[in-house]
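S.K.: using only what follows, build the 3D model:
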Amino acid sequence: MVIGLEVHAQLKTSSKLFSSSPNQFGSEPNENVNFIDSGMPGMLPVLNYGCIEKAIKTGFALDFTINKYSVFERKNYFYPDLPQGYQISQFEFPILTEGFINIDADERQKKIRIERAHLEQDAGKSIHDIDPKYSFIDLNRVGTPLLEIVSYPDLSSADEVVNYMSSLRQILMYIDVCDGNMQEGSLRADVNLSVRKPGEDLGTRCEIKNLNSFKFIRQAIEYEFQRQIEILENGGTIEQNTMLFDTSSGETRAMRSKEFSHDYRYFPDPDLLPVNITQEQIDKIKPTLEELPHEKLERYINEFKIEKNISKIIISEKDNTKVFEKMISETDVSPKVIASWLVGDIFAYVKENNFEVLDLLDRTKLIMDLLKLVSEDVISNKAGKEILPKVLSGEGNPNELVKEMGLEQVSDTSELEKIIDEALVGEDENIAKFQGGSDRVLGYFVGKCLKASKGKGNPKLINKILIEKLQK
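M.R.: Below is the predicted model:
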C-alpha cells in the first residue's frame, strides 16, 4: 500500500480569503455571501492577510521552507457550486514547500515528508437530498480560506494515515490555525492510494475524496486496498479515478476519471498580484508560536516525570494542557499526582457529565485543595474519590465536605496502635507466617485494621506501625 494525502484545513479567520463575508459555520444557507463570493462581474478579490499569517505559522510548526514569493492562480472547472467558474488556488509557486511531520509507527518515529502547502478558496455545497427532482446550492462555504497540505507518498498503512492526520490536526489546533472540527468539514482529507509488489515501481493511484473522520479514512483505505489487489490478481488493470466513499455501504466507487493538472488550465489570476512577504513579516510571526505538542510531551516527561502514556493523553487536546498547567501553578502537589487524577477520575467525570474540559478552569483551585488534603494524608485516596464529584459539580469546599461527610483520616498514633493491637489478637499463626517471610499477610492485616477503623485509618501509618509490631 502506498499513500499520499491532500489535507484541506479551514483557516480560523473571521472573514473569507478574498472577501469580507463572515467565515463561520452553521449560518442559514446563502447568508454569508457577497458579490465577490457569488462571482458577480467586475467584483475584485482582496487578499486577507490574516490567511498569510496563518500559513507562515504553519510553516514554522511543520518545518517548511516559507517562500517570500507566491502566486495565486485560477484552477478552471465548471460546477454549480463554483459561481466564478474557477477556483483561486496556488499551483506553481505555493507559499510553503518541503516540510515534514514525525508520527508514531510500529513503536518508532517515522518521518513523513510534506511536499507543499498552498492557500486556496473553498467551493460551495451542492445538496441533493432535500427534493427528489432538484438539487440545491448553498454558497456560504465559497471563498472560505483553506490551506491544502500535500504529503509525499510516504504512508503505507491505515494506521499511519490516522496517526499522521491526528498529529497534523493536533498541531494546527495548538497553533490556532484550524479548529480541527472534522464533523463540520474544517479538516478533510483526499487519500491517494496505489498498491505494488515489493521492489516494483509505483502503481496507478486512485483518489478518495473528502473524508472527514478517522473512522471513514480507515474504512475507505482498507476497502480500496483490497479492491485494487483483487483487480490486479484477477489480471485486470487499475484505472486512475477519483473515488467517493459510501459511508453506509463502506465501499468506494468511481466518481469520475482522475484529472491531471493540465486539465485545469492553471494560469496566474490577473486580478491578484503575486504575494511578496518580507523577512521582517516572517520574523514577527515566529514569537507568536506557542509550545508545540511534541515539545510539551517532552517537557512533561522530562521535567514533571510523568509517564509517557499519561502525558500523551494530556497533550492530545490543547484544552487539557491549559487545565493541567493551571492546576500545577496553584499548588505544590506533585505534577505526577495531578496528572494521574486528571486523566483518571477527573476526565471520567467530564465525559460522563458532558462537561467541556475548559469548564474545569473555574474549579482548579477547589480541585487542588482536595488533592492537597489527599497528599497530606488528611483524607484517604478513597475519600478523595468520594468527594471529587461534589467538588466538580460545585456542591462545596473540600475542607467543609470532609467535615460534613466525616471522612477525615485517623492519624493519631495511639488510637491506631490500639486498633492494631486488637487486630493482632488471636492471629499467632498469621504473625508466624509474616515472620517466616510471607508479605501477603501484611495486606491482610492492613485490611483488617482499616475495616476496624471504618475506613478512616491512615493506611501508610497503619502499615508502618504494623511492620514494627510484627517484627517484634
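
S.K.: now do the contacts for the residue nearest the centre of the chain.
M.R.: Computing the C-alpha centroid of the chain and ranking residues by Cα atoms, centre = their mean puts Gln170 first, at 4.2 Å. Applying Cβ atoms under 8 Å, 6 or more residues apart in numbering, we find Gln170 in contact with Gly180, Pro293, Ile315, Ser316, Glu317. C-beta here means a position set from N, CA and C on the backbone, and glycine is covered the same way.

S.K.: ok so it is a strand residue?
M.R.: No: read with DSSP: H, G, I helix; E, B strand; the rest coil, Gln170 is helix and lies in no strand.

S.K.: tell me the pLDDT at it?
M.R.: In this prediction, Gln170 carries a pLDDT score of 96.

S.K.: wait, a strand at Arg141?
M.R.: No: assessed with three-state DSSP, Arg141 is coil; it does not lie in a strand.

S.K.: ok, it touching Lys125?
M.R.: Yes: with contact defined as Cβ atoms under 8 Å, Arg141 counts as touching Lys125 (5.5 Å).

S.K.: and these two? Which one has more around it.
M.R.: Applying other Cβ atoms under 10 Å to Arg141 and Lys125 shows that Arg141 carries more neighbours, namely 21 against 15.

S.K.: who touches both of Arg141 and Lys125?
M.R.: Joint contacts of Arg141 and Lys125 (Cβ under 8 Å, 6+ apart) do not exist.

S.K.: low-confidence ranges in this protein?
M.R.: Within the chain, the set of residues satisfying pLDDT under 70 comprises 258-259, 406-413, 438, 454-456, 458.

S.K.: what segments of the stretch 301-450 of the chain are helices?
M.R.: 308-315, 318-329, 335-341, 347-352, 364-375, 381-392, 398-405, 413-424, 428-435, 440-452 (DSSP state H, counting those that start in this stretch).

S.K.: run through who's touching the fourth one.
M.R.: In this case it means helix 347-352. By Cβ under 8 Å, 6+ apart, the residues outside helix 347-352 that reach it are Ile313, Phe355, Glu356, Val357, Asp359, Leu360, Leu388, Pro389, Leu392.

S.K.: out of those residues, which is nearest to Ser19?
M.R.: Proximity to Ser19 was ranked across those by Cβ to Cβ; first place goes to Glu356, at 32.1 Å.

S.K.: what's the neighbour count on that closest one?
M.R.: 9.

S.K.: got the CA positions of the longest strand anywhere in the chain in CSV?
M.R.: Counting residues, the longest strand found in the chain (DSSP state E) is strand 108-121. Extracted in CSV, the C-alpha atoms of strand 108-121 (Å, rounded to 0.1, in the frame of the first residue of the first chain):
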residue,chain,number,x,y,z
ARG,A,108,9.2,4.0,16.4
GLN,A,109,9.1,7.5,14.9
LYS,A,110,8.6,7.8,11.2
LYS,A,111,9.3,11.0,9.2
ILE,A,112,6.6,11.8,6.7
ARG,A,113,7.7,14.4,4.1
ILE,A,114,5.3,17.1,3.0
GLU,A,115,5.8,18.4,-0.5
ARG,A,116,3.9,21.7,-0.2
ALA,A,117,1.1,23.7,1.4
HIS,A,118,-0.8,26.3,-0.5
LEU,A,119,-3.7,28.7,0.1
GLU,A,120,-6.9,28.3,-1.9
GLN,A,121,-10.6,29.2,-1.6
